[in-house]
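Novice: fold the following and give me the result.
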Amino acid sequence: GGSSVMNAERIKEVAELMKAHLKYQPVLVLSAMGKTTNNLLAAGDKALEDGIVDIDAVRELHYKTCEELDISTEDIEPLLDE
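Specialist: Residues are numbered from 1 along each chain as shown. All right, here's what the predicted structure looks like:
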């Protein structure tokens with residue numbers, strides 16, 4: 001999580017590491033990308049203080065990463081709209 005998977009470039013690096021060690025049957029556990037946790041906490045604070053739910057920073061990071069990895073946002077859209 002965090003900086004190890006903060007953007008498309010780092011995700012590609014992690015994928016290459018995994019591919020290089022497939023014979024060992026690695027298990028990959030991921031958590032939040034980059035500043036996602038901080039952005040979610042800030043969004044929660046804003047929701048409590050102002051009654052406004054704003055996860056645009058989280059949405060933008062994930063859409064940008066999908067675009068850079070040339071993958072569809074179809075699977076993440078419902079999650080970001082919850």
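Novice: can you tell me which helix in this protein is longest?
Specialist: What stands out as the longest helix in the chain, according to DSSP state H, is helix 36-50.
Novice: buried set for that one?
Specialist: Residues of helix 36-50 classed as buried: T36, N39, A43 (neighbour count, 16 or more other Cβ atoms under 10 Å). (C-beta placed from N, C-alpha, C; glycine too.)
Novice: for that helix, name the packing helices and strands.
Specialist: helix 56-68 (3 or more Cβ pairs under 8 Å, 6 or more residues apart in numbering; DSSP states H and E).
Novice: what is the helix or strand following the helix it packs on packed up against?
Specialist: Sequence-wise, the next helix or strand downstream of helix 56-68 (DSSP states H and E) is helix 77-80. Applying 3+ Cβ pairs under 8 Å, 6+ apart, we find helix 77-80 packed against helix 56-68.
Novice: for the helix it packs on, buried residues please.
Specialist: Buried positions in helix 56-68, judged by neighbour count with 16+ other Cβ under 10 Å: A57, V58, R59, L61, H62, T65, C66.
Novice: for that helix, the averaged confidence score.
Specialist: The average pLDDT for helix 56-68 rounds to 94.
Novice: same thing with stretch 26-38?
Specialist: On average, stretch 26-38 scores 91.
Novice: buried set for that stretch?
Specialist: So for stretch 26-38, counting by 16+ other Cβ under 10 Å, buried means A32, M33, G34, K35, T36.
Novice: looking at it, the second one is touching Y63, isn't it?
Specialist: No. With contact defined as Cβ atoms under 8 Å, M33 does not reach Y63; the gap is 11.8 Å.
Novice: residues contacting the residue nearest to T73 when sequence neighbours are not counted?
Specialist: In space, and not counting its chain neighbours, T73 is closest to C66: 4.8 Å by Cβ to Cβ, 6 or more residues apart in numbering. Contact analysis of C66 by Cβ atoms under 8 Å, 6 or more residues apart in numbering lists S72, T73, I76.
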